[in-house]
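Colleague: starting from these lines, generate the structure:
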Amino acid sequence: MKDTWPVAELDAVGRLRVVARSAPGAGYAEEHLRAPFDRVWALARDLERQLPRMITDIGDFTVTAAAGERLEARARSPLGLRTRFDVVLRPGWCLMQSRFVLGGMAAVPEGDGTRFAFFGALRLPGAGPVGRALEPLVAPLLAPLTAPMGARALRRFADQLDD
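Modeller: Below is the predicted model of the structure:
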């Protein structure tokens with residue numbers, strides 16, 4: 001009998017892809033960007049500037065507390081709606097969660113550039129088994145809203161690298 005087990009290692013983009021596919025109705029996009037990882041991630045990790053540029057439903061994003069790689073932030077929509085986000089931010093990885101939204105970004109060096117991914121998903125209000133049970137039923141209704149979101153956000157981000 002062998003004492004070894006198969007190991008599957010995922011880079012940050014692969015992990016984000018798994019998270020996005022496990023979120024009902026997520027909008028996901030990834031692309032190879034012709035810019036070095038350090039330049040891409042320096043831009044991406046500036047959440048207060050980048051998230052309002054990438055996502056038109058965010059009018060303002062403010063980090064309110066930080067403890068290592070864990071951040072707390074407040075987002076305000078152009079209509080004045082507000083929500084609190086828990087954020088994990090480390091080199092090449094950003095995962096954000098509020099009561100109503102789950103999202104993230106990831107980047108890894110690839111060839112002469114960087115593989116960059118973005119996703120966002122709406123969450124149904126209501127914690128517990130009822131909310132989780134309804135998410136797969138509502139996801140097909142959300143998909144037309146969320147599917148193009150990832151590609152639009154990624155394109156807005158990539159356009160900044162071209163400037």
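Colleague: give me the phi and psi for residue 79.
Modeller: In terms of degrees, to the nearest 10, the main-chain angles of residue 79 are phi -90, psi 0.
Colleague: swap that for residue 106, please
Modeller: Dihedral angles (degrees, to the nearest 10) for residue 106: phi -150, psi 150.
Colleague: so it touches residue 15, yeah?
Modeller: Yes - using C-beta atoms under 8 Å, residue 106 is in contact with residue 15, at 6.8 Å. Where C-beta positions appear, they are placed from N, C-alpha and C, glycine not excepted.
Colleague: just the element for the residue nearest the centre of the chain, please.
Modeller: What sits nearest the mean C-alpha location of the chain, by C-alpha atoms, centre = their mean, is residue 104, with 1.4 Å. Here residue 104 sits within strand 101-110, counting by DSSP states H and E.
Colleague: next one: residue 63
Modeller: For residue 63, the element it lies in under DSSP H and E is strand 60-67.
Colleague: and that strand, what does it pack against?
Modeller: When contacts are defined as 3 or more C-beta pairs under 8 Å, 6 or more residues apart in numbering; DSSP states H and E, strand 60-67 sits against helix 47-54, strand 70-76.
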